[in-house]
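A.B. asks: model this:
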Amino acid sequence: MKRVVRKYWLLLQVAAVVSWIRVRLRGESLPAVLTRLAPAALSGAPDPARFDDLVYYLDRWLQRYPYNAKGNCFPRSLALYWFATRSGYPVSFHCGVRKDGAGLDGHAWLTLDRQPFHEPGQHWQRFTVTYSFPSEPLIAGDPVPPVRPRNGTTAAI
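C.D. replies: Residues are numbered from 1 along each chain as shown. A predicted model of the protein is given here:
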């Protein structure tokens, strides 16, 4: 009985977080939504078994109620970010693009220590990161990003 209650509690949490994210994204920017999703501090000790169950229920929920015909990576990554940071995992959220035939294709995923976190397959490697949250600090040996001018001004070097 306890296991059944736990299962439905996890499913209810997944449904609530995905619904909250969908509503917020209609009226707020991605950085604003991610700021709301980020906890003030990591809490709890990671429980891999519980988190695996959360991922399973999240994937099942998004199969049943898809966000987009092209894929569910965006709400999946945002919801996983919510659950991961509250479960003690210091993950980063990433969005990327790639040229796909005649247009652009996008993808969203999480990393933990610069490795994919609960990401099925190696699909994420084909994308150029366009946005990360929180922004990752530079590590010695990483290329320095170029300074881009804003609003038609020239950048001072």
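
A.B. asks: can you give me the strands in the chain?
C.D. replies: Counting by DSSP state E, the chain has these strands, from start to end: 92-100, 103-112, 115-116, 128-133.

A.B. asks: give me the helices and strands touching the first one, please.
C.D. replies: If I follow you right, that is strand 92-100. With contacts taken as 3 or more CB pairs under 8 Å, 6 or more residues apart in numbering; DSSP states H and E, strand 92-100 sits against helix 73-86, strand 103-112, strand 128-133. Every residue, glycine included, has its C-beta placed from N, CA and C.

A.B. asks: now the angle from the first one to strand 103-112?
C.D. replies: Using axes from the mean of the first three to the mean of the last three CA atoms, to 10 degrees, the direction of helix 73-86 lies 10 degrees away from that of strand 103-112.

A.B. asks: which strands and helices lie in contact with helix 73-86?
C.D. replies: Applying 3+ CB pairs under 8 Å, 6+ apart, one finds that helix 73-86 contacts helix 2-27, helix 30-37, helix 48-64, strand 92-100, strand 103-112.

A.B. asks: pull the CA atoms of the shortest one into PDB?
C.D. replies: Backbone C-alpha positions of helix 30-37 (Å, rounded to 0.1, in the frame of the first residue of the first chain) are rendered in PDB as follows:
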ATOM      1  CA  LEU A  30      13.100  31.500 -19.900                       C
ATOM      2  CA  PRO A  31      15.700  33.100 -17.500                       C
ATOM      3  CA  ALA A  32      12.800  34.300 -15.300                       C
ATOM      4  CA  VAL A  33      11.300  30.800 -15.200                       C
ATOM      5  CA  LEU A  34      14.700  29.200 -14.400                       C
ATOM      6  CA  THR A  35      15.300  31.700 -11.600                       C
ATOM      7  CA  ARG A  36      11.900  30.700 -10.100                       C
ATOM      8  CA  LEU A  37      12.800  27.000 -10.500                       C
END
